[in-house]
Every structure is written in structure tokens, then in C-alpha cells.
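K.L.:
For reference, the sequence and a predicted model appear below.
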There are 2 protein chains.
Amino acid sequence: MPLIVQKYGGSSVSDADKIKHVAARALESQAAGNEVLVVVSAMGDTTDELLDLASSVTTETQGNRELDILLTAGERISMSLLAMAIKEQGGKAMSFTGYQAGISTDSEHGSARIWKIDPSRIQEALKEGNIVVVAGFQGFSFENGDTTTLGRGGSDTTAVALAAALKAEVCEIYSDVDGVYTADPRIVPRAHKLAQIDLDSMLELSSSGAKILFIRAVEFARRHRVPLRVRSTFSADPGTLVYSSKDGEEMEEPVVSGVATDNTQSKITVIGLPDRPGKAAEVFQIVAEAGANIDMIVQNVSTTENHLSDISFTLPHNDRHKVVEALKAKQSEVGFESISYDDEIGKLSIVGAGMKTSSGVSAKLFGSLAKAGINIEMISTSEIRISVVTRADQLKEATRIVHTAFELDAAETAVIYAGSGR
Amino acid sequence: MPLIVQKYGGSSVSDADKIKHVAARALESQAAGNEVLVVVSAMGDTTDELLDLASSVTTETQGNRELDILLTAGERISMSLLAMAIKEQGGKAMSFTGYQAGISTDSEHGSARIWKIDPSRIQEALKEGNIVVVAGFQGFSFENGDTTTLGRGGSDTTAVALAAALKAEVCEIYSDVDGVYTADPRIVPRAHKLAQIDLDSMLELSSSGAKILFIRAVEFARRHRVPLRVRSTFSADPGTLVYSSKDGEEMEEPVVSGVATDNTQSKITVIGLPDRPGKAAEVFQIVAEAGANIDMIVQNVSTTENHLSDISFTLPHNDRHKVVEALKAKQSEVGFESISYDDEIGKLSIVGAGMKTSSGVSAKLFGSLAKAGINIEMISTSEIRISVVTRADQLKEATRIVHTAFELDAAETAVIYAGSGR
């Protein structure tokens, strides 16, 4: 019997009626001849409420042992309620915590990595005809058995990891969004929903700011070749299939699948850095030690007599302050002249597996932006993605222009979607 | 170093400020030279809110696997918050779920019995100077590792069981009540707080309706000779010491320590039961199969020509309906004439270890009630307790009369107390 893994986000289980609705959906999938495993997030804003509670008694609200125990309470509540609701509707169900589901991790509280999955209890429960409900976002340390959490997007990761371990036919990601769009419909009213997209392109979209799926889960799905289906909890629409392009069924791939935008980045520029080998490395060593992930980098060629160059890079807003401080602290050691930063940038990326074999994509991108008078401040590319940085207040206009230029506009205006749950 | 176990009820940890206060109290005890283990209930009304959530998705709200997982979320939240608060105040703390604390139970979901405690992780944490925080009310099945709950008063049971396993010097039970009173001060304004009471008398008071401590925890304390101290979270008052009277320090024990009242009972009378051996047993077999615990029993001697007798017994209100139905279903088989029931009864009990060696106690009890025109409908006794059933609307007056008759009245009016948490 084929196994379907379904993951429901917080907004899909935010109250008793929605939980009953999810129970009915899981039962439908089972009645259609599948084994069904459901992964749930915490109800609605539960996780934020628990974090607020933590903040009211402590300043230590980064990943630690006690915080992980606290946060996992949310998923224990939603998973047990969902199992109850399925049984109430006449089905068989059993719920499992991360520990009971056999999800062991390292001991990195707050952002643990899955170490191994021993799905034997789950398999037994499925064999007995149960709909298996698993708490998302949590596991247990293989070192000491303590409860751990998987970090942002953890429930998506749980679902994909279980789908991989159990060789599920598909992992369905349910939220209040009905699929993957060519752009954020709040920015581009003519964005349209993709019937399908390959996992490579999905990964580029996720890492370029599309919030529909978390990068880590997409990476996991890509590595283990787990097909995903992004769909809405509240409609029968089939949503978007995110397929593994190595599945042999090579398709004609669109040159550009979608346009992603990201307004959560800042830019830091290190000015007057001695133009000597190893100086850039020193800068990025300091950035790494401050615990920040950088995204795009541009180094200006030294043009002055005294062989100084400038390096600009982007990183999340939240990390900007600490990185600037860390660099300033080592200014004399590294020997640069000054630092500037800019929080008013926007990043736009076009993504498509067909780019590999198509020419003229960057020319079309830069040309359409130039024609609209939008200046490009930074550029970075991968095999299937081109990203540019613009002024923040030009980002929306730029996105609409690019969406039109690559003929992604739908005939009709899309229905606005909201953000996805954890 | 002596070990002190402290248990804080739901009303003591109902918000962030109270949790911080409890953290400070635990730190004080540690600073005074003790090892400290804290058992916490869920915050405020969390457990009721979780039960409400369950009721909104299912009709199965009696002990089951999923419900136990749901309910234990409450204590996981409070225990992790308390550990965070202790650390924030500069202390060392580690929190433990029932599983992590090594509390294994049978698999009776909703009312599991503790099977064994393996306190090795806790002992290690104490040795490292941590204040150990343990989630009350929960354990894990030794059969399959599933989460279980200990039923009503479960957190008290957790605390006493850990105190016994770790040979604690004392188990302090904190709530918003500052000790054990000679009677409920809401009924008897002149009730006074006892400085101490023996565990036998405490057990009788608890089983006679006093809500300050749960019977199961007191039984556990008595069996393992764990001294308890009942005190308030919000005052420095030493509260009431509940001591093990077999400790060799035999004291002059008061004839009557206190008066307990109980208005949660109903009376059922089986009328016209054939006066033959085994007929009463048949009745109580049916009652037991219905799952009810009966309290007092009175059988009228048969006075009629046709050898029929009546049996009356009391049981909790909540069980009355199902027991009446169960008996009616077997009416012809057992051969009784009819059934009546009465929800308007009250039970009054006087308790005192000194009763064993003192005469005239029952005469004084019955005499004082008779003088006030209060009719006694049923009587039952133990070595250190006499209970009588009155009309429900006479219970309060009867309690005040008896309190005065046994010279328990304080010079001043007591401060009203509220009910204790779980």
C-alpha cells in the first residue's frame, strides 16, 4: 500500500474545528487506499506564546536544553488532539513524539540535526491500520536522550525525513498557501501557481527568499529524492508538485520558473582594505566567528595608488549589528579604513532549471531593469539562478517588471496568499 | 547535605512573576545548606484548558494514551520555565520530565501507579549542584515507554515518591494554603492552623473530605515514613508538619485534631432486598463492576414478616447515576423491590490519634449534635475517626457545633483559605 506523508502547519491546526478538518482530510487519504502519516506543527501561535513566556522569566532565549523541552510542548498538544479527532471520526490513530517516532539527533539544542531515524514503532502502527501522527520539529539527543528541536522549518524537515526513511510516495506540505507561485502574489498580482517545479529550482527559490518551503527541508528532499506536493489545507486544489528531476522523467524545463524576492538583507561595505592576498579571508573569518551567514559578495578592484580595495557583502538584517561590531573591534589588526552599512537593499532572484541550456537570460534581466531605470548594485549567479540587489523601495517594481519580461504573467490576478506556518 | 523536596501547585506557578518567586524560594533553601528538588504542577488552569481542548475534538476524555500525552504538556511547560528562572537568578538548575526522572509506572493511562523510580540522573544533577526541577503528575509505562499520568493529586504523589526514593529530610507541599486547619475556615471561622499532625490522622482527614493533601500522596508518605510540611508559597510561615508517628518521638496526641466535611457524596438505598446470605455481596459486586468506590454502608435489620432488608451506602455524586442504572439493570436478578437515592447529604468526620485511648468521644459528638437538633442518618468509625451523615443544609452548622464541643475554637477568626492546586 503506498504511504503518503502529510505535514500540516500551525495555521492549519490553530483551533478545534481546523484540527477536525485535518482529521477528515487524513481519513480521506486513507480511504483512498493509502497508508497515512501526518506530521503536525504547534497550534497557531503556540510556539510564539511559549517563547514569550520564556522571555518573561529569562534572557537566555537561544537554543538550550530547557527551552527545547518548553517549545516541544506545543507539538505534543497538537499531535495528541489530532489523534483524538481522528479516532472520534471513527478512524484508528496513534500519536508519537519525536522520541517515540525514533528521531534521534545531535545535541545542538535549538537547531539539532537529524542523526538517524528508527521508524520501527511507526511502521508497526501503520501496519495495524493506524493513521500515524508525529509531532514535528522535535527529536531526542542520541547522546543523552534529552529532547531537542530542529530549528526553523523543523516540522517540514521532520516530514521529509520520515518520508525518506519510510520511502513514502510523496510528502504533502499543507498550509494556507495553495502552491508555489511564480512570484509573491502580494507583490505581483499576476503571479500564477506552478503545476510543478523541480527540486533544484525549488531549493534556489527557497534560499532566495521564497517562504513557501524551508531550505533545509528542500535540501533533505533533494538529497533523498522525496517528491513534495505543496497544497492548501482548505481546498481540493492539487497544488504544486516539487519533483526530483533525476527521476528519469526528464521534462522540458522552463527557462525561468519564478521570481523570488528578499527584503530581509543588509549590506556591509569594508572600505579601504589593503589589497593583499589573505585580507579578504581575514574579514570573512571575523564574520564567521560572529556567527553570521553571508549571502552575496562583491569586491571592487583596487583603483587607487595605495592599493586599497572595498568589499561589500549581504547578510540578514538581524546579524548586521553584531558583524559591524566584530569588524570594528579588529579594525586596526586587519587594517581597513572604515565600515559602512545599508539596511535599505532588496534582493531579486530569477530561478529556472532551463537556464542551464538557455542563453540571453541575464541580458534580458539586466535590460528590462535598465529600461525601467532601476540600478543594479550587486549581482550573483548559480547555474540556475541570477540574483541582483536593488534599492529596497524599488524591489516591488523591479519584481513586476522582471515577471512580465520573462512572460510569467497570468491572464488573471492571483488570489493573495498569507505566510506559511512553521 | 540534607535533601529537601518542594512541591508547588498550579496556583503557585500561574504566571511569570510567581515562577520567579518560586525560583527565589528554591534558591533560598539551597543557600541555607540543602540539596533541593522541586516538583511542579502545570501553570494555573493549564490542565483544565487542555481538557477543554480535548473535549472540543473528542468525547473520549477519560484516561487514554493520547490524553496523557496532551495533559503532560502542562508540567513540561512549567518545569522548563522554572529551571530557566532559577538560572536567570544565578543558580544552577536542570529540569526533568517524568521519563527523564526515571519514574516508571504501569500502563493505566489517566491513573497510573508508580512502579519503580530510578533516580540516577537526578542524583547526578543534584551532586553537580543543580536545583533539580521535576514535572509532576507524569511517568512512563515500563511496558512500552509511553507517557502516563498519575491521576488526581499526581504532583503530590510525584513529590512524595521522589522524597521516599531519595530519602529526603522532608517533603514540603506548597500551595496558597498555609497549613492544615482544624476545619475548613470558610465553614468554621474559628478554625486554627495545626503546628503538627500525625500521618495517620492526616490520612483520615484527607479521606474524609479535607482537600489540603491528596489521599494517595499521604498514603505513600505514611508507608515510606516521609515527613511532610504543608505551607504557603506566599508567606514565611512554617505551616503544618505532618509527621510519621512511628518515628520514636511519640507525643501526647490530641484526642481530636480536626473536623473534616464532605458535601460531594450521595446516598443510595436498595429497598426490599431478600434477607439471605450473599444478597448484600451481590449488590456490592454490581457497584464495584460499575467502577464506583463506596464510602459508608448501613444495613437495616429485616423487620418485616417476609424477610426483606434495606441497604444504604454513600458514594461520590459523580458515580451515583451509573450505579443506580447498573443496579436497576439487575433488579429482577438480585430480587430487590426498589431503589431510592439522595443527593442532599453531608458528611462530618472528627479525626484524632488520641481517640484510640480516650473514651466518651462518640458520646460527646452525638450529644452535641442532638442538643442542636441535628439528626444523624448514618455512622461509621475507624480507630481514630468517627463520621456521621447529616442533611446537606445542616452540615455547616453541625461542623461549627462539633468544632466548639471539642474545644478546637481559636481565640481569633482564621484567614480564609482557598482550594489547593493539583
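P.N.:
Structure's in. What do you need?
K.L.:
Same question for stretch A:312-329: list its buried residues.
P.N.:
Buried residues in stretch A:312-329, counted by 16 or more other CB atoms under 10 Å in any protein chain shown: A:312-315, A:319-320, A:323-324, A:326-327. For every residue, glycine as well, the C-beta is placed using N, CA and C.
K.L.:
what's the pLDDT at A:Glu337?
P.N.:
According to the prediction, A:Glu337 has pLDDT 92.
K.L.:
tell me the phi and psi of the nearest residue to A:Glu88 once chain neighbours are set aside?
P.N.:
Once flanking residues are discounted, A:Glu88 sits nearest to B:Thr58: 4.2 Å by CB to CB, 6 or more residues apart in numbering or on different chains. The phi/psi pair for B:Thr58 (degrees, to the nearest 10) reads phi -150, psi 160.
K.L.:
got a list of what B:Thr58 touches?
P.N.:
A:84-85, A:87-88 (CB atoms under 8 Å, 6 or more residues apart in numbering or on different chains).
K.L.:
for A:Ser104, same thing?
P.N.:
A:114-118, A:139-142.
K.L.:
Could you point out the member of those residues that lies closest to B:Ala372?
P.N.:
A:Phe140 (63.3 Å; CB to CB).
K.L.:
Could you grab the helix/strand/coil label for the closest one?
P.N.:
strand (DSSP: H, G, I helix; E, B strand; the rest coil).
K.L.:
With adjacent residues omitted, what lies nearest to it?
P.N.:
Excluding its sequence neighbours, the residue lying closest to A:Phe140 (CB to CB, 6+ apart) is A:Tyr99, at 4.4 Å.
K.L.:
since we're on that neighbour, how many residues are nearby?
P.N.:
22 (other CB atoms under 10 Å in any protein chain shown).
K.L.:
Within range of chain B, give me the residues from the stretch 1-150 of chain A.
P.N.:
Residues of the stretch 1-150 of chain A lying close to chain B by CB under 8 Å from any CB of the partner chain are A:16, A:19-20, A:23, A:50, A:53-54, A:56-60, A:65-67, A:69-70, A:72-74, A:76-77, A:79-81, A:83-85, A:87-88, A:93-95, A:97, A:100, A:145-147.
K.L.:
In strands, which of the residues you listed appear?
P.N.:
Assigned to strands by DSSP state E, the following of the residues of the stretch 1-150 of chain A next to chain B qualify: A:93-95, A:147.
K.L.:
Looking at these, spot the one nearest chain B.
P.N.:
The closest of those to chain B turns out to be A:Ser95 (CB to the nearest CB; 5.6 Å).
K.L.:
ok, the closest one touching B:Ile69?
P.N.:
Yes - when contacts are counted by CB atoms under 8 Å, A:Ser95 is listed as touching B:Ile69 (6.3 Å).
K.L.:
Now for these two: what residues contact both?
P.N.:
Shared contacts of A:Ser95 and B:Ile69 (CB under 8 Å, 6+ apart): A:79-80.
K.L.:
which residues in the stretch 201-350 of chain A form strands?
P.N.:
Using DSSP state E, counting those that start in this stretch, the strands of the stretch 201-350 of chain A run over residues A:228-232, A:240-243, A:258-262, A:265-274, A:297-299, A:308-316, A:338-342, A:345-351.
K.L.:
Quick check: which ranges of the stretch 151-300 of chain A have low pLDDT?
P.N.:
Under the criterion pLDDT under 70, the flagged ranges of the stretch 151-300 of chain A are A:246-252.
K.L.:
which residue does it bring closest to chain B?
P.N.:
At 16.0 Å from chain B, A:Thr233 is the closest residue in the stretch 151-300 of chain A, using CB to the nearest CB.
K.L.:
Not counting residues beside it along the chain, what's closest to A:Gln100?
P.N.:
A:Arg121 (6.1 Å).
K.L.:
Next, that neighbour: secondary structure please.
P.N.:
Classification of A:Arg121 using three-state DSSP returns helix.
K.L.:
again with A:Cys171
P.N.:
strand.
K.L.:
Spit out the contact partners of it.
P.N.:
A:5-7, A:159-160, A:163, A:221, A:226-229.
K.L.:
7 Å instead?
P.N.:
A:5, A:7, A:159-160, A:163, A:221, A:226, A:228 (CB atoms under 7 Å, 6 or more residues apart in numbering or on different chains).
K.L.:
Please apply the same query to A:Asp262.
P.N.:
Applying CB under 7 Å, 6+ apart, we find A:Asp262 in contact with A:208-209, A:347.
K.L.:
Buried ones only from those, please, as a ChimeraX command.
P.N.:
Of the contacts of A:Asp262, the buried ones go into a single ChimeraX selection, burial set by 16+ other CB under 10 Å:
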select /A:208,209,347
